[in-house]
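A.B. asks: predicted structure and sequence below. I'll ask about it afterward.
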There are 2 protein chains.
Amino acid sequence: MAEPGRLQQLERRVRELEEELVRERGGRPAPRARIESMSPEVTDSNPYSRLMALKRMGIVKDYEKIRTFTVAVVGVGGVGSVTAEMLTRCGIGKLLLFDYDKVELANMNRLFFQPHQAGLSKVQAAEHTLRNINPDVQFEVHNYNITTLDNFEHFMDRISNGALEEGKPVDLVLSCVDNFEARMAINTACNELGQIWMESGVSENAVSGHIQLIIPGESACFACAPPLVVAANIDEKTLKREGVCAASLPTTMGVVAGILVQNVLKYLLNFGTVSYYLGYNAMQDFFPTMSMKPNPQCSDQNCRKQQENYKKKEAARPKQEEIEQEEEIVHEDNDWGIELVSEISEDELKAASGPVPELPEGITVAYTIPNKEENLVTEETVAESEESLEELMAKMRNL
Amino acid sequence: MAEPGRLQQLERRVRELEEELVRERGGRPAPRARIESMSPEVTDSNPYSRLMALKRMGIVKDYEKIRTFTVAVVGVGGVGSVTAEMLTRCGIGKLLLFDYDKVELANMNRLFFQPHQAGLSKVQAAEHTLRNINPDVQFEVHNYNITTLDNFEHFMDRISNGALEEGKPVDLVLSCVDNFEARMAINTACNELGQIWMESGVSENAVSGHIQLIIPGESACFACAPPLVVAANIDEKTLKREGVCAASLPTTMGVVAGILVQNVLKYLLNFGTVSYYLGYNAMQDFFPTMSMKPNPQCSDQNCRKQQENYKKKEAARPKQEEIEQEEEIVHEDNDWGIELVSEISEDELKAASGPVPELPEGITVAYTIPNKEENLVTEETVAESEESLEELMAKMRNL
C-alpha cells in the first residue's frame, strides 16, 4: 500500500510539470532588463533597494561605488560559486571567473549548481545562472587550469588588465581553490604584481575553514607561512583515483563564502574592520582571528621585494605611527612574527581550535615531505597545527 | 483512500510530462532520478559521496539517519530559503515550508530566488527549485500566515503530525521569520507542544545576526527574554508603506543560514557542540556565544509548565550531576538567570558586541511600548541592549 502523501505528491508534480511545459513553450518571463543606475527607491521591482538602504542605515557611505569594482574569483566550486553569486547579487561591476572543472552530480551537496547543469563547465554554468540573476554585472570567464605555464601567463595578464576599464588591474583576487598548487600560483602572481588578494579554504573533514587577507609586503603571503587552519591540501584527482574523497558540507562552504564576501564588501566599500585572518571551527562554533607579518626569509623573492617597498613607505610616514607599531606585542622566539590581534587570548585559542583533523585510514596527503626537525613556530600560538606547518614549510622550500 | 489505479495513472502522467519536457528543452537531461539509499561510493554521479565521507572522516557516526528526520522551516526569505536549500542538499527526509509572501525583484539581493520567479509564492517557487535539486526529499508547503487564528491551529497540527510518518511530530522547527509576531506564534506553539526549535534573526541594518536553540523548560524561551542581538523587529509592510525599508545582505543571511543549519546537523546527527546562542557581528567579525536559563516568571504558562516538567526530570537524575549543576556560575542579582557559557569573558563580550544599532531618521519600531522603569537584566551581561530589552519585555507582558 502506498503512503497517503504519495498521491498528493504526484498530483502536485503533474501540475508542476504542466506549468513548466507552458513556461518552456514561450510563456516564461524574460530575465529583468538592465538597470542604468542604482536607485534607493523602495518598490517591489527594485533589486537594489535593500542594498542602497545600507546608506540610510549609516553602514556604507557610497554603496553605488560597488559598480566600479572588478573582482577575480579563482575556483568556482563550493566556496567560489557562492562567492560569485553573493557578489553578483550585491551588484559588483565585473567578475572574472577561473575554473577548469565540470559540474557533476557529486557537487550537489553544496549550494549553487543544479542537477541539470551536470556535464557543463563550471564557469559556463555559473555565468549562465549569474547573468540571469543580475544582468547588470559584467562577466569574463576562463575555462582553464591557472597552474600550467601558458595559462598562468594569461591569468597574470587578465588580473593585470581585466578591470572594467580594460588595461587596469582588478581590485581584488579571491582564491577559492581546493589545492596547494593553485594557491601557490595565485600567491606567486599576486606577489609579482603587488596585487591584494584574499585566500579561503575548507578542511577535508568539512568542519572547519578560514579566510585570509594578503597584502603583499604588509601581511604574510602564502609562502611566508601557511594558514593556521590548513585547508584541504588533498588533490581531488588523487583522491578519486584511490576511491576515496574528502567530505564537504553546504553549511561550512556557505559560512566561509559569507565571511569572505562580507570582508570583500568591507574592504571595497570601506566600512567595519577587515579581518586579516578569520577561522571557523564548526564543531565548537569558534571563530579565531589573528594576523601574520610577512617572513623576511620568504622563499618568494617578489614577497621580499614587496616587504622592502612596504618598509620604505612606512619609513616615510610620521614618527608617532612608528612608535605605536613597535609597541605591538610579538611573542619572543616567534620566527614567523605570528601575532594575535583578536579579543581572544592565546590559551583560549589553543583550547578551542581543537586537534588537527586526522586523516582517516586509506587517505594520505597528496605530496610527501622530507622530515624536518626545526620547530618553526612557537608552541603557544600554533601548537596544534605544528606538524602540518613544518611539513608545508619544508615542501615550500623544495619547490 | 484512493484506488491503486489512480496512483499508477499519475505516475505514468509524470513520466510522460517529464519526457515531453526533455524534448521541449532540446535534449537537456531531466533532473536526476530518485536514489533508494545513500551510498558512500565515490563516483561523479553520486550526490551523497561527499556527505557520506563524513563517516569515514570520523565526524558523523550514521549520516544516513538524516533521511529519517523532518524539519519545519517557518519563513522562506533571505535566511529560510538558504536554510531549506542546505537541508535539501544534505538529504533531509522531509521539509515543511511555511510562508505567505510572494517573490519580488526586491528580494534579488539575497541568495536563492531568481528573477523569473517574481510573482510566484515563495513556498511554491522554493518547492519547485528544491525538488529539482534533490528529488529524494519530501516537501509539504503551506502558503499562509501562521499568526492568524485558523492558520495557527493548522500550523500546530502540522508540526505535531507532519513528520515522515504521518501522526508523528517534526524533529525540529526553525524560525526564519522577520517579525516579532511570527516569532511569538512559533514560541507559543512550541511551548505548548514541548517542541524543540531554533530561532534565527538578522538586524535591520544587515550587519548582525544570531541563532538560538530553545528547548522548552530547559533554556529561555522567546517570552522569557528576547535574544541579545534583537532581530529586525520592523514590520516589512509598515516600512514599505512609509517608503523606507530595512537593509539586507546576502553575506549576513548566508552566514546566519550556514550556522543555523550547521547546528541543526549537529543536533540531529549528534556531533560537535550545539550552540544555545551564537551571534554574528559582521562589522568586527565577532561571534559571541552564551546560554540563557528560562525565566520562572515567564508570561507563557506553557513555558512555566515545561520548566516544572524539566525540574522533575532533573530531580530524578543521579546526585553527582545535580552537584555539578549547582556549581554553575550564575551572576547575583541576575533575575533572568542569564549566564555565559562561552570561552569569552563578559567584559570581552560587552566590549565587542558594540552599540545597539540605531534606527535612522524616519524609521520607528512597528509597535509602541509603554515606559517601564524596572531594570530587568543585570548590566554586566546585556547592558548594551538594555533599552530594547525593557521595551520588548513590556510589550510581551501586554500581549
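C.D. replies: Sure, I can see it.
A.B. asks: go ahead and confirm A:Ala198 touches A:Ile215.
C.D. replies: Quick fix: residue A:198 is Met, not Ala. No - here A:Met198 does not reach A:Ile215: they are 10.0 Å apart, not a contact under Cβ atoms under 8 Å. Quick note: C-beta positions are derived from backbone N, CA and C, even for glycine.
A.B. asks: which of those two has more neighbours?
C.D. replies: Neighbours were tallied for A:Met198 and for A:Ile215 using other Cβ atoms under 10 Å in any protein chain shown; the higher tally belongs to A:Met198 (23 against 18).
A.B. asks: report the contact partners of that one.
C.D. replies: Neighbouring residues of A:Met198 by Cβ atoms under 8 Å, 6 or more residues apart in numbering or on different chains: A:Leu172, A:Val173, A:Leu174, A:Ser175, A:Ile211, A:Gln212, A:Leu213, A:Ile214, A:Leu260, A:Asn263, A:Val264.
A.B. asks: do the same with A:Ser39
C.D. replies: Each residue near A:Ser39 by Cβ under 8 Å, 6+ apart is listed here: A:Asn46, A:Tyr48, A:Ser49, A:Met52.
A.B. asks: could the residues you listed go into TSV alongside secondary structure and pLDDT?
C.D. replies: Compiled in TSV, the contacts of A:Ser39 are given as follows (DSSP: H, G, I helix; E, B strand; the rest coil; pLDDT from 0 to 100):
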residue	secondary structure	pLDDT
A:Asn46	coil	93
A:Tyr48	coil	95
A:Ser49	helix	94
A:Met52	helix	95
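A.B. asks: lowest-confidence helix or strand of chain A?
C.D. replies: Least confident element among the helices and strands of chain A, by mean pLDDT, DSSP states H and E: helix A:379-382 (a mean of 31).
A.B. asks: so where is chain A shaky, pLDDT-wise?
C.D. replies: Using pLDDT under 70 as the threshold, the predicted model of chain A has low-confidence ranges A:1-4, A:22-31, A:226-244, A:319-399.
A.B. asks: helices of that one, start to end?
C.D. replies: A:4-22, A:49-56, A:80-89, A:122-133, A:149-161, A:180-193, A:236-241, A:250-269, A:301-315, A:319-326, A:346-353, A:379-382, A:386-398 (DSSP state H).
A.B. asks: reformat the ones you listed as TSV; add mean neighbour count and distance to chain B.
C.D. replies: Formatted as TSV, the helices of chain A follow (neighbours: other Cβ atoms under 10 Å in any protein chain shown; distance: least, Cβ to the nearest Cβ, whole Å):
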stretch	mean neighbour count	distance to chain B
helix A:4-22	16	4
helix A:49-56	22	4
helix A:80-89	28	4
helix A:122-133	20	6
helix A:149-161	15	23
helix A:180-193	22	19
helix A:236-241	14	6
helix A:250-269	27	4
helix A:301-315	15	24
helix A:319-326	9	20
helix A:346-353	17	5
helix A:379-382	18	16
helix A:386-398	17	16
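A.B. asks: so for B:Pro288, which of the ones you listed sits nearest?
C.D. replies: Closest to B:Pro288 of those is helix A:346-353 (Cβ to Cβ; 13.3 Å).
A.B. asks: so what sits opposite the nearest residue to A:Ile186 once chain neighbours are set aside in the bridge?
C.D. replies: Spatial nearest neighbour of A:Ile186, chain neighbours left out: A:Ser175 (4.8 Å); criterion: Cβ to Cβ, 6 or more residues apart in numbering or on different chains. A:Ser175 forms beta bridges with A:Val74, A:Glu199, as assigned by DSSP bridges.
A.B. asks: on that earlier part again, dump the contacts of A:Met198 to TSV, plus distance to B:Val42.
C.D. replies: Written out in TSV, the entries for the contacts of A:Met198 read as follows (distance: Cβ to Cβ, whole Å):
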residue	distance to B:Val42
A:Leu172	35
A:Val173	31
A:Leu174	28
A:Ser175	26
A:Ile211	28
A:Gln212	30
A:Leu213	34
A:Ile214	33
A:Leu260	28
A:Asn263	33
A:Val264	33
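A.B. asks: quick check: A:Leu10 touching B:Glu11?
C.D. replies: Yes - in terms of Cβ under 8 Å, A:Leu10 counts as a neighbour of B:Glu11; the distance is 6.3 Å.
A.B. asks: and of the helices of chain A, who's closest to B:Glu166?
C.D. replies: When the helices of chain A are ranked by distance to B:Glu166, counting by Cβ to Cβ, first place goes to helix A:4-22 at 6.6 Å.
A.B. asks: which strands and helices sit next to the closest one?
C.D. replies: Applying 3 or more Cβ pairs under 8 Å, 6 or more residues apart in numbering or on different chains; DSSP states H and E, one finds that helix A:4-22 makes contact with helix B:4-24, helix B:122-133, strand B:138-142.
A.B. asks: partner strands of the last one and their direction?
C.D. replies: Using DSSP bridges, the strands paired with strand B:138-142 in its sheet are strand B:94-98 (parallel).
A.B. asks: alpha carbons of the strand it pairs with, as PDB, please.
C.D. replies: As requested, the backbone C-alpha atoms of strand B:94-98 are provided in PDB (Å, rounded to 0.1, in the frame of the first residue of the first chain):
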ATOM      1  CA  LYS B  94      11.200  15.900   4.800                       C
ATOM      2  CA  LEU B  95      10.800  19.600   4.800                       C
ATOM      3  CA  LEU B  96       7.700  21.600   5.800                       C
ATOM      4  CA  LEU B  97       7.800  25.200   4.500                       C
ATOM      5  CA  PHE B  98       5.600  28.000   5.800                       C
END
